[in-house]
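[1] Kindly generate the corresponding structure for this input.
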Amino acid sequence: MHINRRPGPGWISRFDRRLVRRVSSFPGGPHDTFFRRLSASADQGKLWIGAAAIMALFPGRTRRAAVHGLIAQAVASAVTNAGFKTLLPRTRPLPEHLPVFRFVHPQPTSSSMPSGHSASAIAFAVGTGLVRPALGAVLAPAAVGVAYSRVHTGAHWPSDVVFGSAIGAGAALLTRKWWPVRPPFPEVTRAQTDAPPLPGGNGLSIVVNTLGGSYKEETAAALQEVFPHAYIKTVDPEESLEEAIQATAAHPGTLALGVWGGDGTVGTAAAAAVEHSLPLLVLPGGTLNHFARDTGTGSLKEAVAAVTKGEAAKSDVGMVTVERGLAGNPETAELIMVNTASVGLYPNLVRRREQLQPALGKPLAGVVAMFRTFAVGTPTVLMVDGVRHKVWIAYLGRGRYYPRDHAPLFRPVLDDGVLDVRMITADESFARLRLLWSVLTGTVATSRITHLREATEVLIESPGSPMALAVDGEALAGVRSARFRVEPQALTYYSPRS
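    Coordinates of the predicted model:
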């Protein structure tokens, strides 16, 4: 089928031919081979993909600059090839317009307007430069060279290159808020205090949860070797964890309570430590132990150093009042929260992210986990401080977490006195599409579906059927309401000052 290719407007056509005649008047030389090879290197974006691969070797802003450059290039290429080349058919320069030794062969058969090579080159350079200006400046000569090479080799008219370059710059600017660079996390600060120094674990009572994901038969023996004077209680699966922790905290001569286990075990031990006015030593153990990382005792060496020297700090705790059971005759219980609580799909998201993280890294694992979770999930109807919402996730952190988006990972301060409240809602029209688009573009934090705030007290109610509430990783079913508040500096924990 013959495609009728319209010539450009008169003045543009005259401008193009004048510039092409000027280029054709250049004498031949090594530069012809250089521009021909430079142009070929950018076919299908190979040059920019290679540059991005090199940049990806350097973590941080350089890697993010590469990602943004590729995103901008992909958008520019799609708009150019799938859009404008169909809407603006145009014949490419003919062999008589340039010396035969310079003319590209074989010449592309698609529309000359606009230049896809130019769009991709400028998009990648500008997209990279928006994140790392120095890298953008380094890439700019190569991008301009590729754009010019399309005229030098007769593949495009100059106006094709100008239009393609404008599309590339526009794509980079359009996507500048996609996958934004996260601001640096604030420094770790702790409210330092003193606790009894317990060399060798003298006066330390430790409870070990055998259901912890990394528990081994030699765990208790290894702890006893490190703390030869400590009392160590191993909790078997058939025992009540809460009763065992309470008994350990009340053991004669106990000056501090130690705990080995995951976040749920740590939360139960923290409640006992507050009740018995004991400092808490959090030992690294269990499937997940975020609080050990936050307190600075993420390794056994750090924990031993802190308890031996009596170095400690203060932490806020979250108090959670939960109502369960029948609406007319609810059962009330009060829990301590040291990390997070959530309603909705957040536990599924975290579980998938943790599974994928070793292979994909945190950022990509978070994206894939979000897609898998929300593609099949359904929102939950909740009343949050008296306002009705349909939510994908209602998340509360005890303390301000970073980054300030849908995937909090790090908490530098444990006594800031706030609850970190985050909701991803389905109240808006096309809720699922909005959510998946914001995940794809990395704009969840700035999307209308995301609500971020801080509070000292929050009430979450389920107006329909009871909800499932997760507190520090432990799931509670049949919950009708949960009230959260902050108890300032209620917990003393061992933490190395270095």
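
[2] how close does residue 432 sit to residue 112?
    41 Å (C-beta to C-beta, to the nearest Å). (Each C-beta comes from the backbone N, C-alpha and C, glycine too.)

[3] tell me which residues of the top strand by length along the chain are tucked away?
    Longest strand of the chain, by residue count under DSSP state E: strand 474-494. Using 16 or more other C-beta atoms under 10 Å as the test for burial, strand 474-494 gives 476, 478-487, 489-494.

[4] what is the rounded mean pLDDT of that strand?
    Averaged across strand 474-494, the pLDDT comes to 93.

[5] what packs against the helix or strand harbouring residue 125?
    Per DSSP states H and E: residue 125 is located in helix 116-131. Counting contacts by 3 or more C-beta pairs under 8 Å, 6 or more residues apart in numbering; DSSP states H and E, helix 116-131 packs against helix 46-55, helix 61-79, helix 133-152, helix 158-174.

[6] Give me the number of neighbouring residues for the spatially closest residue to residue 137 that is not a sequence neighbour.
    Computed as C-beta to C-beta, 6 or more residues apart in numbering, the closest residue to residue 137 that is not its neighbour in sequence is residue 129, at 6.8 Å. For residue 129, the neighbour count with other C-beta atoms under 10 Å is 21.

[7] Tell me how far residue 129 lies from residue 69.
    In terms of C-beta to C-beta, residue 129 sits 8 Å off from residue 69.

[8] do residue 14 as well
    36 Å.

[9] Counting neighbours, go ahead and name the busier of these two.
    The neighbour comparison of residue 14 against residue 69 (other C-beta under 10 Å) goes to residue 69, with 31 against 11.

[10] Pretty sure the more buried one sits against residue 125.
    Yes - using C-beta atoms under 8 Å, residue 69 is in contact with residue 125, at 7.4 Å.

[11] hang on, the earlier thing: out of residue 432 and residue 112, which sits in the busier spot?
    Neighbour totals were compared for residue 432 and residue 112, and residue 112 leads with 24 against 14 (other C-beta under 10 Å).

[12] can you list the domains in this structure?
    Recorded structural domains for the chain (assignment: automatic domain parsing) are 10-174, 198-309, 320-489.

[13] Please identify which of these is closest to residue 188.
    domain 320-489 (4.5 Å; C-beta to C-beta).

[14] tell me how far the ends of that closest one are from each other?
    In domain 320-489, first residue to last residue: 16 Å (C-alpha to C-alpha, to the nearest Å).

[15] go on, stretch 457-469?
    Using C-alpha to C-alpha, the two ends of stretch 457-469 sit 17 Å apart.

[16] Contacts for that stretch next, please.
    Residues from elsewhere that reach stretch 457-469 (C-beta atoms under 8 Å, 6 or more residues apart in numbering): 322, 324, 341-343, 380-386, 388, 394, 396, 419, 421, 475-486.

[17] So for that stretch, mean pLDDT?
    Stretch 457-469 comes out at a mean pLDDT of 91.

[18] before we move on, back to that, so can I have JSON lines of the helices and strands packed on helix 116-131 showing mean pLDDT and distance to residue 402?
    Below are the helices and strands packed on helix 116-131 laid out as JSON lines (pLDDT from 0 to 100; distance: least, C-beta to C-beta, whole Å):
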{"stretch": "helix 46-55", "mean pLDDT": "93", "distance to residue 402": "25"}
{"stretch": "helix 61-79", "mean pLDDT": "90", "distance to residue 402": "16"}
{"stretch": "helix 133-152", "mean pLDDT": "93", "distance to residue 402": "25"}
{"stretch": "helix 158-174", "mean pLDDT": "93", "distance to residue 402": "27"}
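
[19] Arrange those helices in TSV, one row each, with distance to residue 108 as further columns.
    Output for those, formatted as TSV (distance: least, C-beta to C-beta, whole Å):
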stretch	distance to residue 108
helix 46-55	16
helix 61-79	14
helix 133-152	10
helix 158-174	11
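
[20] nearest to residue 367, of the ones you listed?
    helix 61-79 (10.9 Å).

[21] which ones are touching the spatially closest residue to residue 128 that is not a sequence neighbour?
    Spatially, and ignoring its direct neighbours in sequence, residue 128 is nearest to residue 69 (3.8 Å; C-beta to C-beta, 6+ apart). Residues in contact with residue 69 (C-beta under 8 Å, 6+ apart) are 48, 51, 52, 55, 123, 124, 125, 127, 128, 131, 172.

[22] Not counting its neighbours along the chain, what's nearest the fourth one?
    Right, the one you point to is residue 55. According to C-beta to C-beta, 6+ apart, the nearest residue to residue 55 is residue 66 (3.8 Å).

[23] I'm done for today, thanks for sticking with me.
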